[in-house]
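Colleague: Sequence and predicted structure, then a few things I'm wondering about:
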Amino acid sequence: MGIRREYPEWFEDVWEAYPDYPRGRSNKWKSWQAITTVMHADGWDASDIPDLIKEIHKWRDHAHNWQRHSEFGPPALQRFISERWYENDVIVEYKPQRKLDRFDLANLEHDKRYGAIQ
């Protein structure tokens, strides 16, 4: 067995399709638990996964706060699945709930001048 868990190929496809920034936000095990819970509750099977991947691509390509240059990035995959974001319309414009402080503004200015660190 080993210390690394083996996941089905369809889950690996979902994991690879989901944006990996900011790094460390998504947890593979929790994402696996979330997707299997939703699959069981909603009666999905592996044939429904391509539709989920299409929704992920739609969010990744069109949602403003999912872009690499955004200050927030996408939610963790486990949250995207468990809160069923794929059922919602893509949020094209995002308005932060708090005002940016001087540190946020300095980070944005730095990124604008020198580019984001990748």
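Modeller: Received it, and whenever you're ready, just let me know what you need.

Colleague: Name all residues that make contact with the residue lying closest to His57 once chain neighbours are set aside.
Modeller: Setting aside the residues directly before and after it, His57 is nearest to Ala17 in space (C-beta to C-beta, 6 or more residues apart in numbering), at 6.6 Å. Heads up, the C-betas are built off the backbone N, CA and C, glycines and all. Residues near Ala17 by C-beta atoms under 8 Å, 6 or more residues apart in numbering: Ile53, Ile56, His57, Arg60.

Colleague: Only the buried subset of those residues, as a PyMOL command please.
Modeller: Of the contacts of Ala17, the buried ones go into a single PyMOL selection, burial set by 16 or more other C-beta atoms under 10 Å:
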select buried, resi 53+56
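
Colleague: okay, the contacts of Ala17 in JSON lines with distance to Glu71 and pLDDT next?
Modeller: Listed next are the contacts of Ala17 as JSON lines, based on distance: C-beta to C-beta, whole Å; pLDDT from 0 to 100:
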{"residue": "Ile53", "distance to Glu71": "26", "pLDDT": "95"}
{"residue": "Ile56", "distance to Glu71": "21", "pLDDT": "94"}
{"residue": "His57", "distance to Glu71": "22", "pLDDT": "93"}
{"residue": "Arg60", "distance to Glu71": "17", "pLDDT": "89"}
